[in-house]
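Enquirer: pasting a predicted model and its sequence here:
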Amino acid sequence: MSKAFEELGLDATPLAGAMPAFCVSIPAGELRGICEQARARKARLVALWGSDETPRRAGYALHLALGFPSGLLWLSVPLSREDPHYPGIADIYASANRMQRAAADLLGIIPSVDADRRKWLRHGAWPEGAFPLRKTVEAAARFAQGPDRYPFIPVEGEGVHEIPVGPVHAGTIEPGHFRFSIVGEKILRLEERLGYKHKGIEKRFEQMTLEEGAKLAGRVSGDSTVAYAWAYAMAVEGATGTEPPPRALALRGILLELERIANHLGDLGYLGNDVALSFGFFQFWRLKEDLLRTHAQLFGHRYLMDAIVPGGVAKDLPRGAGESLTAHLERIEREVAALKSIYDEHAGAQDRFIMTGQVTPALAERMGLTGLAGRASGIARDLRVDYAIPPYQQLDPRAASHTRGDVAARVAVRFDEVFESMRLVQALVQQLPPGDIRAPLAAAAAGARGVGWIEGWRGEVLIALETAAANRIHRLHPHDPSWQNWPLLEHAVHGNIVPDFPLINKSFNLSYSGVDL
Amino acid sequence: MNSVPGIAFQILQSVFVVLAAPLLTGWVNQCRAWLQNRSAPSILLPYFTLAKLFHKDAVFARDASPIFRWTPYILFGCMWLAAGIVPVLATGLPFAPAADIIALVGVFALARMFSALAAMDVGTSFGGLGARREMLIGFLAEPAMLMTLFTAAFISGSTQLTTIVDTLAHREFALYPSLAFAAVAFLMVLLAENARIPIDNPTTHLELTMVHEALILEYSARHLALIEWAVAIKLFAYMTIGIALFLPWGIADAGDWSALPYAFAALAGKLALAGAGLALIEALLAKLRLFLAPEFLSTAFLLAVLGMLTHFLVKG
C-alpha cells in the first residue's frame, strides 16, 4: 500500500484505523520538494495545521494531510523552538494560504516563502505576539480586546467602489465579512474575512479525555455533526485499536446518509427561496422538518447529535423502526422527484441557476475545490466511493458528477445525492447486521495517532488526533472542507452581479464555525 | 360638482382607502400563504404590525439630514393624494379635476425621488445600491405607465381619470383590443412599481438582492410604519387604477348615495380577485435576474405602445 509513497522517497508508516492512512516525519527542507511531487501525482491537500511539541522537549511541528489514491499521507515537519519557520507551500497548493495563516496566528509558526502574511483568525481577541494554542498559554487565559486592523486588497479604477457586507447579516446566518469591489452591479473582486466565530475549539480539546472529546467533536460545525462525530470516533478507534461492531458501522452509515439528505433538502429549499420561488422553499422545508422529527423519534436528536460515540453508536434503531424509516424515505423520495421536475421545468428558476457562479473544472482542479462543490465542477471524488470502507463496500455507492460548475450543477449534485443516499439508507436498513452496537474502548498509549476521514454532506471531514498520557488529547485538528471551498467562492462570483451573490453563496453553503474553530 | 354630497364622498373615499389598504396587503399575504401550502397569518396582521411600529421609539443615523426625517411623511402624503385622485368608489369627485393622469404619474415619481434621496442620505452602501436600482426600474416603468394611461385617454378623449372612467363605465359592453394590450402592460408595471415578484421580492432578508427594501433599511418605528402604510396604499391605488381603467363597472356617481352599497360590493369583489391573482403570479414566478428587469419593463412599454397604435388602427 505504501508503495506510492516510496516513489516520493518516503518510508511511511501505516496508521491503524478504518481508512488507509500513513504517517511520516520529514525535515522542513524537503517539504516543498515533496509537495511539488505530490501535486504532480494528483495528490490533494486535505489539511494543514500546527502543533506545539515543547512538552515533549521538542519545538513545534507543522502537519500536512495529503490525499493520495492509495490513502491519506500525514506529513509532520518538526520545527525548532527558537526559529519556527518553514517554507510555505501556498504557491503549490493554493488552499494552504489561509491554513498557514491560521497556524501562524495560533502557534506562531511562520511560512517563509509566501508573500501573504496577513493574519487570519486573530481579530482583536488576543494581541500580536500571543499564540493561544501554545502549551504555555493557559486554557482559561484571557487577553484584553485589542484593535483589529486588516488590510483588504484595494481595487482601483474609474467608478469602482466597495460594499462591505457583514459580519452581522439581516438573516439568522453565521457571521462573515464580505468586501465587494464593484462597478455598477458587476462584481470585480470579492474578499472574504472570516474568523468571527473563533471559540478555541482546538485548545478545548486539549483539556479533554478521549471520551469527553466526542461531544465537542460533534459540535465543531453543527450541520455536519454526524460526519464530525464519526471522524472523531474513527480517529479514537484508530489510536486505541478499537474495532467497532458491524452493526454500529451500518447504523453510522444510516446516520451519515440521513444527515446528508436533511441538509440537501434544506439547501434545495433555500436555493428556491433565493430566487423568490417560495413554493420550493416551503415544500423542501416541510420535507426536511418531517425528516428531523423522524430523527428525533428514532435517535433522540433532531440533528442526530451524540448518536455516534467512540466504539460504536449510542442508540440502536428500535425494533420495527427500520420499516417505518424506509416507508418515510420512500414518501420523501416521491415528493422530491416531483419537486425536481418542478425545479427543472421552471424557466425562471433555471434562468437564475444556469451559468451563475461558475467554477470551471480547470479552476477547481487548480484551487483544490472539494466535496459537493467539487463534484459539480468535474472533480468526482467521494471518500465513500474512493476508499469503500465498511459499511459502504457492499453497497456500491455512486459519486455524483457534473461538470458545468454553476449553481445549476450544484443543485443537480444535491438532487443526485439525495436519491443515492435514500438508496443507501434503504439498503443499510435491509442488511442491518445483528449484534452489539458498541465496543468497549481500549486505553490509548501516549503519542498514539489516529485519523478520521469521512465524506460529510459538504465534503471530506478530517480529524487528526494525537494522544497524550492518561487517555487525554495532545493535539486534535478538526478540518472542514470549507477551508478549501471558501476561496473558490471568491472566484465563482467574478463577473457576476451583486444580487446574484446570495444565490451563489447558498449554492456552496459553507461552514463558518468549521473553519473559525 | 363641488356640492356637499360630493365633498362627503371625497372624504369618505380618502378615509376608506387609507383604512382599507392594509387589509388588501393582508389579503394578498394570506392568499400567498395558502398557495404555498402554509397556514395563513391573520388578514389583520398588517394593522397589528403598524400598531406595533407606532409604539416603538424611532432610531436615526447620526448623520441623517431632515430629508431622511421628512421622507416618510412625503411618501405617505403622496400615496394618499394619489388614492384621492383615483375614482375608487365614485366618479366626479371634487378633488379629481385637480390632477389628471400625468399628474398622477408625477405624484408617484415625486415619492420615488424622495425615497431614493432618503436612502442615499445616510450613506450606507445598501441604501445607495437600492436607490440606484429603484431609479433604474422607475425610469423604465414611468413611460410604460404613461403610455398605458394614454391609451385609455385616447378612447375617452380626456386625460382626466374621472372622465375616462365615466366613459368606459357607461358604454355598452364592448371589447377594446387596445385596452387588452394596455391591461397587460399595466399589470407588468404594477408588479415592478410595487416591488413584487418577478422584479423584487417583498419578503427577502438578503440585503444584496433588495430593491425597495434596501431603500428603507434604516427606518424604524413610526417612520417605518408610515412607509409600510404608504406601500399598502400604493398597492391599493395601483389596483384601483387598474380596476377603474379595465373593469370600471359598478362605480357610483359622486353624491348618489343609493349606488354606494353596490359600488362598495363591486370594489371589494374586484379587489379580492385582484389580490388573489397577484398572489398567484407571485407563487408561480421566480425573481428575474436584475438585468432582465429593463427587458421586462421594455416589454411593458412596447405593449403599451402597441395598445395605442391598435387604438388608432381599429378605432377601439
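Expert: Structure's in. What do you need?
Enquirer: show me what from the stretch 201-316 of chain B comes close to chain A.
Expert: B:201, B:203-209, B:282-283, B:285-292 (CB under 8 Å from any CB of the partner chain). Backbone N, C-alpha and C define where each C-beta goes, glycine included.
Enquirer: is there a quick PyMOL command that grabs whichever of those are buried?
Expert: Selection command for PyMOL covering only the buried members of those, criterion 16 or more other CB atoms under 10 Å in any protein chain shown:
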select buried, chain B and resi 201+204+206+207+208+209+282+283+285+286+287+288+289+290
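Enquirer: endpoints of stretch A:67-84, how far apart?
Expert: 25 Å (CA to CA, to the nearest Å).
Enquirer: got it, and stretch A:128-141?
Expert: Across stretch A:128-141, the terminal residues are separated by 15 Å (CA to CA).
Enquirer: what residues does that stretch touch?
Expert: The set of residues external to stretch A:128-141 that reach it, using CB atoms under 8 Å, 6 or more residues apart in numbering or on different chains, is A:50, A:52, A:54-55, A:105-108, A:119, A:122, A:126, A:143, A:146, A:200, A:202-204, A:206-207.
Enquirer: just the helices from the stretch 151-300 of chain B, written as ranges.
Expert: B:161-169, B:177-193, B:212-215, B:221-246, B:260-284, B:293-314 (DSSP state H, counting those that start in this stretch).
Enquirer: how far is the shortest one from where the chain is centred?
Expert: Spelled out, that is helix B:212-215. 16 Å (CA atoms, centre = their mean, to the nearest Å).
Enquirer: report the mean confidence score over it.
Expert: Averaging pLDDT along helix B:212-215 gives 85.
Enquirer: then the fifth one?
Expert: Averaged over helix B:260-284, pLDDT sits at 89.
Enquirer: and it with helix B:221-246, angle?
Expert: Relative orientation of helix B:260-284 versus helix B:221-246 (axes from the mean of the first three to the mean of the last three CA atoms, to 10 degrees): 110 degrees.
Enquirer: now the angle from helix B:260-284 to helix B:177-193?
Expert: Using the same axes, to 10 degrees: helix B:260-284 against helix B:177-193 is 60 degrees.
Enquirer: distance check, the most centrally placed residue in chain B against chain A.
Expert: Chain B has B:Tyr238 as the residue nearest its centroid, 3.0 Å off, counting by CA atoms, centre = their mean. The gap separating B:Tyr238 from chain A is 20 Å, by CB to the nearest CB, to the nearest Å.
Enquirer: not counting its neighbours along the chain, what's nearest that residue?
Expert: B:Leu190 (4.9 Å; CB to CB, 6 or more residues apart in numbering or on different chains).
Enquirer: number of nearby residues for the one you found?
Expert: Counted by other CB atoms under 10 Å in any protein chain shown, the residues lying close to B:Leu190 total 23.
Enquirer: that one and A:Ala217, how far apart?
Expert: 54 Å (CB to CB, to the nearest Å).
Enquirer: over to A:Met367?
Expert: Distance from A:Met367 to A:Ala217, by CB to CB: 28 Å.
Enquirer: show me where pLDDT drops low in chain A?
Expert: A:1-4, A:114 (pLDDT under 70).
Enquirer: please list the residues of it that sit near chain B.
Expert: Looking at chain B, the residues of chain A close enough under CB under 8 Å from any CB are A:162-165, A:169-171, A:185, A:272, A:274-279, A:282-283, A:286, A:346, A:348-349, A:351-352, A:497-502.
Enquirer: which other helices and strands contact the lowest-mean-pLDDT helix or strand in chain B?
Expert: The weakest-scoring helix or strand in chain B, judged by mean pLDDT, DSSP states H and E, is strand B:252-253 (a mean of 72). Applying 3 or more CB pairs under 8 Å, 6 or more residues apart in numbering or on different chains; DSSP states H and E, we find strand B:252-253 packed against strand B:90-91, helix B:260-284.
Enquirer: got those as CSV, with distance to A:Tyr512 columns?
Expert: Shown next, in CSV, are the helices and strands packed on strand B:252-253 (distance: least, CB to CB, whole Å):
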stretch, distance to A:Tyr512
strand B:90-91, 59
helix B:260-284, 32
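Enquirer: among the ones you listed, which is the most enclosed?
Expert: strand B:90-91 (a mean of 26; mean count of other CB atoms under 10 Å in any protein chain shown).
Enquirer: for the next helix or strand after it, what is the average pLDDT?
Expert: Note on strand B:90-91: by DSSP states H and E, the next helix or strand toward the C-terminus is helix B:101-121. Averaged over helix B:101-121, pLDDT sits at 90.
Enquirer: buried residues, helix B:101-121. List them.
Expert: Of all the residues in helix B:101-121, those buried under the rule 16+ other CB under 10 Å are B:101, B:104-121.
Enquirer: alpha carbons of stretch B:43-53, as PDB, please.
Expert: Output of stretch B:43-53 as PDB, limited to C-alpha atoms (Å, rounded to 0.1, in the frame of the first residue of the first chain):
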ATOM      1  CA  ILE B  43     -55.700  39.100   7.400                       C
ATOM      2  CA  LEU B  44     -55.400  41.900  10.000                       C
ATOM      3  CA  LEU B  45     -51.700  41.300  10.600                       C
ATOM      4  CA  PRO B  46     -50.600  44.400   8.700                       C
ATOM      5  CA  TYR B  47     -52.700  46.500  11.100                       C
ATOM      6  CA  PHE B  48     -51.100  44.900  14.100                       C
ATOM      7  CA  THR B  49     -47.700  45.500  12.500                       C
ATOM      8  CA  LEU B  50     -48.500  49.200  12.000                       C
ATOM      9  CA  ALA B  51     -49.700  49.500  15.600                       C
ATOM     10  CA  LYS B  52     -46.600  47.800  16.900                       C
ATOM     11  CA  LEU B  53     -44.300  50.100  14.900                       C
END
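Enquirer: what sits up against that stretch?
Expert: B:22-23, B:25-27, B:29-30, B:42, B:220-222, B:224-225, B:228-229, B:232.
Enquirer: mind checking which of the contacts of stretch A:128-141 are in helices?
Expert: A:Asp105, A:Leu106, A:Leu107, A:Glu202, A:Lys203, A:Arg204 (DSSP state H).
Enquirer: contacts only, for the last one.
Expert: Taking CB under 8 Å, 6+ apart as the contact definition, A:Arg204 lies against A:Ala139, A:Leu216.
Enquirer: quick check: it vs B:Met145, distance?
Expert: 61 Å.
Enquirer: then the third one?
Expert: Here the distance between A:Leu107 and B:Met145 works out to 64 Å (CB to CB).
Enquirer: mind checking which of those two has more residues around it?
Expert: B:Met145 (29 against 23).
Enquirer: isn't that one up against B:Ala182?
Expert: No - between B:Met145 and B:Ala182 there is no contact under CB atoms under 8 Å: 10.4 Å.
Enquirer: give me the common contacts of those two.
Expert: Contacts common to B:Met145 and B:Ala182, judged by CB under 8 Å, 6+ apart, are B:Ala304.
Enquirer: excluding chain neighbours, what is closest to residue 314?
Expert: This is for chain A. Leaving aside its sequence neighbours, A:Ala314 sits nearest to A:Ala307 (CB to CB, 6+ apart; 5.7 Å).
Enquirer: nope, chain B
Expert: Spatially, and ignoring its direct neighbours in sequence, B:Val314 is nearest to B:Pro177 (6.0 Å; CB to CB, 6+ apart).
Enquirer: could you report the neighbour count for that neighbour?
Expert: Count around B:Pro177 with other CB under 10 Å applied: 14.
Enquirer: my guess is it meets B:Leu309, correct?
Expert: No - using CB under 8 Å, B:Pro177 makes no contact with B:Leu309, being 10.5 Å away.
Enquirer: got the contact list for stretch B:277-285?
Expert: Contact partners of stretch B:277-285, identified using CB under 8 Å, 6+ apart, comprise A:276-279, A:348, B:28-29, B:31-32, B:34-36, B:191, B:196-198, B:239.
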